[in-house]
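K.L.:
give the three-dimensional model of this entry:
(one chain, ligands or ions: 2)
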Amino acid sequence: MATRTTTAASGAVLEQKQALRSRVRRNLKALDPIQRKQQDEAVQKLVLEAPWFKSSTSLCAYISCEGLREVDTSKIISSILHKPDSACNMQIPKTLYVPRVEDKESNMKLLHITSVSELIGNSMNILEPTPLDNTGHQREDVMQADKPVDLLLLPGLAFDRSGRRLGRGGGYYDRFIKTYLELAGKRGWQPPLSVALAYSTQILDEAIPVSALDVPVDAIVSPSGVISVSSIALERM
Ligand SMILES: Nc1nc2c(c(=O)[nH]1)N(C=O)[C@@H](CNc1ccc(C(=O)N[C@@H](CCC(=O)O)C(=O)O)cc1)CN2
Ligand SMILES: Nc1ncnc2c1ncn2[C@@H]1O[C@H](COP(=O)(O)OP(=O)(O)OP(=O)(O)O)[C@@H](O)[C@H]1O
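P.N.:
Ligands and ions are numbered 1, 2, ... in the order given. You can find the predicted model right below:
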């Protein structure tokens with residue numbers, strides 16, 4: 001009986017998520033391109049000027065996809081990959097890992113890159129790192145890194161003000177974050193700060209339907225500012 005109740009509840013959540021995804025996708029498609037560009041600039045400026053971004057040394061970030069109407073990350077990515085030089089870029093050197101979908105079982109790796117030239121388009125038109133670097137070596141997987149990631153910059157379709165996140169339905173990020181948090185726990189590392197980037201229309205007043213497997217974010221950056229949700233966010237932001 002308990003199992004049947006749970007299954008029915010998950011079915012309802014699934015349906016609610018699909019309906020919400022359709023609505024948000026429609027709203028994103030309807031966004032005026034000029035306003036969208038302004039929002040891209042505003043969100044990236046907030047991130048680039050934030051102390052928690054400036055002080056980060058190891059990050060996972062997504063490579064934004066125009067077709068999916070994701071908040072642009074190109075300026076953030078360029079800033080991370082720009083070689084520090086005493087004259088104009090005083091930033092702390094940062095190690096960057098970006099997503100690569102490995103299989104249809106929703107497994108995603110976050111692989112180390114040092115330049116955007118190491119990315120190629122996949123079947124979904126998302127830029128991803130090649131598995132081998134230009135010297136023929138396997139790229140470092142963040143799960144093998146000997147140093148903790150301090151910041152995750154996440155995509156998503158919709159968010160609420162309690163940090164609930166609706167993704168595109170693959171479960172890629174939920175699985176990755178769960179596994180990474182387990183690894184960090186085993187190694188005695190602080191968990192990374194997870195920050196989602198969103199257009200204003202992606203922040204909903206209503207609660208996002210979630211299941212037990214959905215991992216909430218610590219904070220959301222939208223053009224209106226930073227919404228800090230978790231105790232980790234309140235401590236570190
Ligand atoms: N830039 C970026 N990279 C990413 C993700 C992401 O959300 N954004 N992912 C995060 O998981 C993984 C890829 N997962 C994806 C899942 C769905 C779709 C997609 O095209 N979905 C369509 C609908 C497809 C359908 O249901 O028919 C869409 O959302 O419009 C793309 C990527 C890894 N890399
Ligand atoms: N940690 C996990 N282990 C196993 N299955 C999972 C896990 N997290 C999510 N899933 C499954 O993946 C599927 C998609 O989940 P969901 O709809 O929450 O994805 P999403 O949050 O929209 O996607 P993403 O995390 O890629 O942004 C569901 O069937 C869900 O049960």
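K.L.:
quick one, helices of this protein?
P.N.:
2-29, 33-48, 51-54, 74-81, 172-187, 231-236 (DSSP state H).
K.L.:
and those as TSV, adding mean pLDDT, mean neighbour count and distance to residue 202?
P.N.:
Every C-beta, even on glycine, is put in place using the N, C-alpha and C of the backbone. Below are the helices of the chain laid out as TSV (pLDDT from 0 to 100; neighbours: other CB atoms under 10 Å; distance: least, CB to CB, whole Å):
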stretch	mean pLDDT	mean neighbour count	distance to residue 202
helix 2-29	82	12	6
helix 33-48	98	16	10
helix 51-54	98	16	20
helix 74-81	97	17	17
helix 172-187	97	16	15
helix 231-236	96	14	18
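K.L.:
so for residue 214, which of those helices sits nearest?
P.N.:
helix 172-187 (5.9 Å; CB to CB).
K.L.:
and the closest one with ligand 2, contact?
P.N.:
Yes. Against ligand 2, helix 172-187 shows contacts by CB under 6 Å from any ligand atom at 172, 173, 174, 175, 178.
K.L.:
spell out which residues of this protein are next to ligand 1.
P.N.:
25, 62-65, 68, 70, 99, 101, 108, 124, 126, 155, 167-170, 172-173.
K.L.:
drop anything exposed from the residues you listed.
P.N.:
Applying 16 or more other CB atoms under 10 Å to these, the neighbour count classes 62-65, 70, 99, 101, 108, 126, 155, 167, 172-173 as buried.
K.L.:
give me the number of neighbouring residues for the closest residue to residue 159 other than its chain neighbours.
P.N.:
Of all residues not flanking residue 159 in the chain, residue 220 sits nearest, at 5.0 Å (CB to CB, 6 or more residues apart in numbering). Burial of residue 220 is recorded as 27 neighbouring residues (other CB atoms under 10 Å).
K.L.:
from what I see, residue 220 and residue 164 are in contact.
P.N.:
No. Counting by CB atoms under 8 Å, residue 220 stays clear of residue 164, with 10.2 Å between them.
K.L.:
contacting residues for the most centrally placed residue in the chain?
P.N.:
Nearest to the geometric centre of the chain sits residue 154, at 1.2 Å (CA atoms, centre = their mean). Counting by CB atoms under 8 Å, 6 or more residues apart in numbering, residue 154 touches 62, 165, 173, 194, 195, 196, 197, 217.
K.L.:
and of the residues you listed, the nearest to ligand 1?
P.N.:
residue 62 (4.2 Å; CB to the nearest ligand atom).
K.L.:
doesn't residue 70 make contact with the closest one?
P.N.:
Yes. Residue 62 is in contact with residue 70 according to CB under 8 Å; the separation is 7.1 Å.
K.L.:
tell me how far residue 145 lies from residue 135.
P.N.:
Using CB to CB, to the nearest Å, residue 145 is found at 18 Å from residue 135.
K.L.:
those two: who's more crowded?
P.N.:
Ranked by neighbour count (other CB under 10 Å), residue 145 and residue 135 place residue 145 first, with 15 against 5.
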